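K.L.:
coords below, sequence missing:
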């Protein structure tokens, strides 16, 4: 038996025996019954529960919680969750730059820059950095925007191995935390909204980086044959020439290891293009928007459940999958739980994939009347496929009722704590002509009009056994942060207005809060060093939450001046943050500017297609990238051209657009200058939501 296979079998055994404390080595940190001293992976354990059993900080003394230390971070992605092992805290910030710091003091031990910006190519246009990393047996692992999976020595930060997982040049990237599952490193890639690639997830040997297996989520060209029976099965659910578009289906974020049954579960994303009638006229399109279980040793298909057959709404199923043992109907069941984008919460028997229950968590849901428990399929409302020449108001929107910010499950309370979102979007196929845009990278031809409806958010406590809401706390704006539950009967969550709170886990009463001075999107973690329990969280606005400032409740997040930090708390901590002046976006001087309405109008369209996803609608940034109205290069055409066309700022995360013509770049520059002129004149109103 190969060493990695033997290790996996051992891992399965230890997973079964974890309750009685039989696990040893790196496995001991990952079983759900582990002590909680360390937080080695994204969800802490194989079950991905985002639960810490530590009890030193509890609902009675949390009022004494104070800031122990903080570390300021440079500009770049900060929506990232750290891990902690052996008194060292690791986090990957910006373009997957890894830092190791003393977990009790914040003192930096080492850092490693993979220089992903210079190598990412097209992937840099759609990836802002990763959401986390993982550790295994003395090493740390991270994915990069250029699609590499790299392993570093945890003590020194030296590179141990590196593999190219995502297809270079195809718009794919890795922005989720890799998972260390039974001696394997599991990773998927993003880019399903923008690239022509087929989605897949891959297992690598944690020690050597050797590829062990790969499971594709979309079938390829039938003329070339199928990799396995699963792809042959999936091909029967696709029509047309789907392989020309790649199909999408990126499994980029959600993974869990069911050691008791030696299987890996992962969630699959949406199709490319969004509109099924373009990519595949008809059919369920397996395995889009599904949860899939595969054999941990071989990657062979075990079972699946498809949340949305024939998806046309970007209803990803890549939200975190959490494993537990629950009493359902008087019987103890091994279950998997997921709250995908579509607004329902699902509970499965993970031994065979049987759907046990589904309940609506969305505050508003217009696309379905419920889930048919006989067939497992949603009962779709007429008109949601927007092919009859009529618009349809879709709730939840493609943002989802639950996004990538992880939920948490507490075995103590039996409740799941979900960062719920609420937004609607109009789908309308009228006036949309796929034309030649089908083969333009990034042109995800669908039918979503850029007219989001009123947005709210909340933290909810949900009983997965009864599918009932237990309590709900409104949060600020249209986004909120990931969740941590603890053995001290606490639930921690941050909000985009900088409020970091601890709630009583059973009733939802806020017991403590801290002014973090900036947005909190990533989930907190907890660990113990020197007998003291700590809670750490990374602060900063970035990623999908910042694409559209209309969802930020009127808050301003300036890319250059926002306070990105690692904050770490402990009982009786007495560190203080320095005062933070309110953010202000000011237009850069541009003495040579002359209005040209026609050129600016041309630039508006080109900007919207190429630049808006990072720099914001109407050139109003939400913080993911600089607000270009304040850029000091607007007045210098040659420098502007060098940045946009030649890629002189790749290392800072600004991709190159070599396909744009001189006239295109001139038009974009004119448009941004016109928006800056409006700002200087006091005429720049932010985009508004339709209520």
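P.N.:
Received it, and whenever you're ready, just let me know what you need. Because the structure is a prediction, the values reported are computed rather than measured.
K.L.:
Now do the helices in the stretch 551-691 of the chain.
P.N.:
597-610, 612-615, 637-641, 662-681 (DSSP state H, counting those that start in this stretch).
K.L.:
among the helices and strands of this structure, which has the poorest mean pLDDT?
P.N.:
Ranking every helix and strand in the chain by mean pLDDT, DSSP states H and E puts helix 3-17 at the bottom, with a mean of 37.
K.L.:
Mean pLDDT lowest where, among the helices of the stretch 551-691 of the chain?
P.N.:
With a mean of 90, helix 612-615 has the lowest mean pLDDT of the helices of the stretch 551-691 of the chain.
K.L.:
Show me which positions of it end up buried.
P.N.:
612-615 (16 or more other Cβ atoms under 10 Å). Any C-beta I mention is one placed from the backbone N, CA and C, and that applies to glycine too.
K.L.:
Kindly report the same for stretch 528-544.
P.N.:
The neighbour-count check on stretch 528-544 (16+ other Cβ under 10 Å) flags 528-529, 533-544 as buried.
K.L.:
Give me the distance from it to the chain's centre.
P.N.:
17 Å (Cα atoms, centre = their mean, to the nearest Å).
K.L.:
so for it, what's the average pLDDT?
P.N.:
95.
K.L.:
cool, and stretch 549-569?
P.N.:
92.
K.L.:
Check stretch 36-46 too.
P.N.:
Here the average pLDDT along stretch 36-46 is 97.
K.L.:
Pipe the helices of the stretch 551-691 of the chain into TSV and attach distance to residue 582 per row.
P.N.:
Formatted as TSV, the helices of the stretch 551-691 of the chain follow (distance: least, Cβ to Cβ, whole Å):
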stretch	distance to residue 582
helix 597-610	28
helix 612-615	22
helix 637-641	29
helix 662-681	17
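K.L.:
Out of the ones you listed, flag the one nearest residue 98.
P.N.:
helix 612-615 (23.0 Å; Cβ to Cβ).
K.L.:
Pull the distance from that closest one to the chain's centre.
P.N.:
On Cα atoms, centre = their mean, the centre of helix 612-615 falls 17 Å from the chain's centre.
K.L.:
quick revisit: residue 165 is nearest to which of the helices of the stretch 551-691 of the chain?
P.N.:
Nearest to residue 165, of these and by Cβ to Cβ, is helix 612-615 at 23.1 Å.
K.L.:
where are the low-confidence patches of the stretch 251-400 of the chain?
P.N.:
Across the stretch 251-400 of the chain, nothing is flagged by pLDDT under 70.
K.L.:
Wait, residue 326 touches residue 336, no?
P.N.:
No. The pair residue 326 / residue 336 is not scored as a contact, 10.5 Å apart, by Cβ atoms under 8 Å.
K.L.:
neighbour-wise, which of the two wins?
P.N.:
Higher neighbour count among residue 326 and residue 336: residue 336, with 25 against 18, using other Cβ atoms under 10 Å.
K.L.:
The more buried one and residue 236: what is the separation?
P.N.:
25 Å (Cβ to Cβ, to the nearest Å).
K.L.:
cool, residue 164 as well?
P.N.:
In terms of Cβ to Cβ, residue 164 sits 32 Å off from residue 236.
K.L.:
What of residue 583?
P.N.:
53 Å.
K.L.:
okay, these two: which has more neighbours?
P.N.:
Shown here are residue 583 and residue 236; by other Cβ under 10 Å, residue 583 has more neighbours (16 against 11).
K.L.:
Counting only strands, which of the buried residues of stretch 528-544 make the cut?
P.N.:
Residues of those located in strands (DSSP state E): 528-529, 533-539.
K.L.:
out of those residues, which one sits closest to residue 466?
P.N.:
residue 535 (29.7 Å).
K.L.:
wouldn't the closest one be in contact with residue 492 here?
P.N.:
Yes. Residue 535 lies in contact with residue 492 (Cβ under 8 Å); the separation is 6.3 Å.
K.L.:
hey, what's in contact with both of the two?
P.N.:
Counting by Cβ atoms under 8 Å, 6 or more residues apart in numbering, the shared contacts of residue 535 and residue 492 are 484, 524, 526.
K.L.:
Distance of the residue nearest to the spatial centre of the chain relative to residue 565?
P.N.:
Taking Cα atoms, centre = their mean, the centroid of the chain lies closest to residue 404, which sits 3.8 Å from it. Separation of residue 404 from residue 565 (Cβ to Cβ): 21 Å.
K.L.:
Next: residue 632.
P.N.:
26 Å.
K.L.:
picking that back up, overlap in contacts of residue 326 and residue 336?
P.N.:
What both residue 326 and residue 336 touch, as defined by Cβ under 8 Å, 6+ apart, is the set residue 347.
K.L.:
now stretch 315-325: how far from the chain's centre is it?
P.N.:
Centroid separation for stretch 315-325 versus its chain: 12 Å, with Cα atoms, centre = their mean.
K.L.:
Quick one: end-to-end length of it, please.
P.N.:
27 Å (Cα to Cα, to the nearest Å).
K.L.:
Can you tell me what sits against stretch 585-596?
P.N.:
Residues outside stretch 585-596 that contact it (Cβ under 8 Å, 6+ apart): 556, 558, 621, 627, 629-632, 634-635, 670, 673-674, 676-677, 679-680.
K.L.:
Quick one: distance of that stretch to the chain centre.
P.N.:
36 Å.
K.L.:
residue ranges of the strands in the stretch 451-600 of the chain, please?
P.N.:
Secondary structure of the stretch 451-600 of the chain by DSSP state E, counting those that start in this stretch: the strands cover 456-463, 468-475, 480-486, 490-495, 499-504, 510-515, 525-529, 532-539, 565-571.
K.L.:
Which of these sits closest to residue 123?
P.N.:
Nearest to residue 123, of these and by Cβ to Cβ, is strand 532-539 at 22.4 Å.
K.L.:
Direction included, what does the closest one pair up with?
P.N.:
strand 525-529 (antiparallel), strand 565-571 (antiparallel) (DSSP bridges).
K.L.:
can you give me the angle that strand makes with strand 490-495?
P.N.:
20 degrees (axes from the mean of the first three to the mean of the last three Cα atoms, to 10 degrees).
K.L.:
Nearest to residue 251 among the ones in strands among the buried residues of stretch 528-544?
P.N.:
When those are compared against residue 251 (criterion: Cβ to Cβ), the nearest one is residue 538, at 24.1 Å.
K.L.:
Thank you kindly, that will do.
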